[in-house]
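A.B. asks: coordinates only, no sequence provided:
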């Protein structure tokens with residue numbers, strides 16, 4: 001090999017190395033590296049989400065504990081008239097009969113009729129049931145966690161139609177009208193403060209706790225063991241009034257026990273969540289609370305007016321529950337969780353701001369610096385979660401945004417130099433934090449707003465980099481966007 005050939009090959013190798021070096025310093029490679037760093041930051045972002053989930057679970061556990069101690073979510077079914085009756089059951093039994101002769105007896109097994117009796121309970125729904133209630137709410141706090149509890153004053157009034165017969169698939173041989181009871185299923189007996197039952201215009205009747213009468217409620221029962229003049233009341237029909245004062249939490253619901261059921265509720269809680277099979281016929285919601293009225297006719301609840309306890313009709317009745325939940329409108333854990341869902345996009349936009357400044361100024365930003373900027377963004381979400389538990393979401397967002405946004409603005413300003421660039425960075429970060437906050441407040445339109453922000457950002461990147469030499473093969477310099485100074489390639 002001649003010296004000229006050797007020099008030619010060396011020059012070619014240097015040229016290839018130079019081109020490779022320029023390519024590795026090109027905007028395309030840098031952008032790929034920045035994207036990889038952004039994807040790696042999903043790991044600490046996920047860890048922050050796990051912390052948020054754990055704190056949310058702790059909060060839910062404490063709130064449930066407060067609810068158990070104060071009173072569970074109350075659900076009422078009834079009142080019902082319960083009448084014991086006796087039926088004759090026809091069956092068979094196997095008997096042994098001795099046949100044959102005295103010298104050779106033979107034992108023969110054969111079936112014979114077997115008649116037994118059983119006591120069952122017939123349940124009658126009221127012809128009309130009206131429930132009127134005032135529900136007072138209050139906030140109970142334990143440590144940093146708060147729970148909404150309530151005290152409900154309810155008046156249940158209505159009338160039972162005359163009861164003459166009991167429909168049964170078995171032969172009825174006796175009805176104990178004088179042992180007729182009234183029973184009300186209540187999900188949380190511990191939450192009952194007072195109860196008073198009156199029939200027609202008579203004196204009050206003492207109610208007692210019981211179990212089994214309203215099987216299928218998953219709850220207890222209060223009942224009047226025996227109504228005075230039960231036979232006469234059954235024959236003529238009777239009206240009733242039951243006054244209840246209940247403690248509960250989370251929600252209050254009712255089963256449409258009457259042939260026609262009407263429920264009216266009033267409460268100062270401004271954020272009701274109407275739930276169950278039926279929505280209110282009339283409702284008014286304002287800053288000072290809500291009023292709501294439900295009306296459920298018998299055609300809307302395809303259940304009989306009489307059934308037997310063993311039929312488990314109460315379980316079917318429960319599937320028609322309706323009522324109200326005392327909702328906390330978007331608690332801060334939900335907001336933090338929603339913010340974390342936009343975390344990767346948030347990090348990506350910040351990286352694009354830094355990347356655009358890098359292209360425009362020619363100042364090279366190391367990958368470690370991008371990583372540090374990303375970690376500071378992750379710190380924003382952690383600060384947001386930590387402060388939200390103590391000062392609320394809005395103040396926590398302001399504190400976290402000022403802290404991390406201020407540090408990032410100062411850092412980026414120092415890296416790129418110049419007051420104008422620092423000011424541009426400040427404006428960009430202010431807009432970004434403001435837009436994210438608005439997205440989080442738009443509960444129903446959060447996805448639309450987030451998608452629009454991503455679209456606008458991507459559109460800006462597309463047109464802003466239209467003249468950029470991504471591979472840096474046309475020159476040894478990183479070609480900036482239009483109007484930006486040329487950055488010299490690093491040696």
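C.D. replies: That came through, no problem. Quick caveat, the model's predicted, so the values are computed rather than measured.
A.B. asks: state which strand of this structure is the longest.
C.D. replies: strand 74-100 (DSSP state E).
A.B. asks: tell me the domain ranges of this structure?
C.D. replies: Domains of the chain are assigned by automatic domain parsing as 24-58+332-464, 74-325.
A.B. asks: buried ones in the helix or strand harbouring residue 54, by neighbour count?
C.D. replies: When elements are assigned from DSSP states H and E, residue 54 belongs to helix 42-70. Neighbour-count burial for helix 42-70, counted by 16 or more other C-beta atoms under 10 Å, picks out 44-45, 48-49, 52, 55-56, 59, 62-63, 66-67, 70. Every C-beta, even on glycine, is put in place using the N, C-alpha and C of the backbone.
A.B. asks: circling back: export the domains of the chain to JSON lines and tack on mean pLDDT?
C.D. replies: As requested, the domains of the chain are arranged in JSON lines below (pLDDT from 0 to 100):
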{"stretch": "domain 24-58+332-464", "mean pLDDT": "78"}
{"stretch": "domain 74-325", "mean pLDDT": "80"}
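A.B. asks: list the buried residues in the longest strand of the chain.
C.D. replies: Taking 16+ other C-beta under 10 Å as the criterion, strand 74-100 shows 74-85, 87 as buried.
A.B. asks: and which of those is nearest to residue 241?
C.D. replies: residue 79 (10.1 Å; C-beta to C-beta).
A.B. asks: secondary structure class for residue 373?
C.D. replies: For residue 373, the secondary-structure state derived from DSSP: H, G, I helix; E, B strand; the rest coil is helix.
A.B. asks: and the one 5 residues further on, by the same measure?
C.D. replies: Per three-state DSSP, the secondary structure class of residue 378 is helix.
A.B. asks: and the gap between the residue lying closest to it once chain neighbours are set aside and residue 374?
C.D. replies: Excluding its sequence neighbours, the residue lying closest to residue 378 (C-beta to C-beta, 6 or more residues apart in numbering) is residue 44, at 4.8 Å. Distance of residue 44 to residue 374, given as C-beta to C-beta, to the nearest Å: 8 Å.
A.B. asks: same thing with residue 39?
C.D. replies: From residue 39 to residue 374 the distance is 10 Å (C-beta to C-beta).
A.B. asks: tell me which of those two has more neighbours.
C.D. replies: Neighbour count, other C-beta atoms under 10 Å: between residue 39 and residue 374, residue 374 has more, with 23 against 12.
A.B. asks: tell me who's in contact with the more buried one.
C.D. replies: Listed by C-beta atoms under 8 Å, 6 or more residues apart in numbering, the contact partners of residue 374 are 37, 38, 41, 347, 350, 351.
A.B. asks: what angle do whichever strand or helix holds the last one and helix 42-70 make?
C.D. replies: Right, residue 351. Using DSSP H and E, residue 351 sits within helix 343-361. Per axes from the mean of the first three to the mean of the last three C-alpha atoms, to 10 degrees, the angle that helix 343-361 makes with helix 42-70 is 150 degrees.
A.B. asks: mind listing what's buried in helix 343-361?
C.D. replies: Under 16+ other C-beta under 10 Å, the buried positions of helix 343-361 are 343, 345-361.
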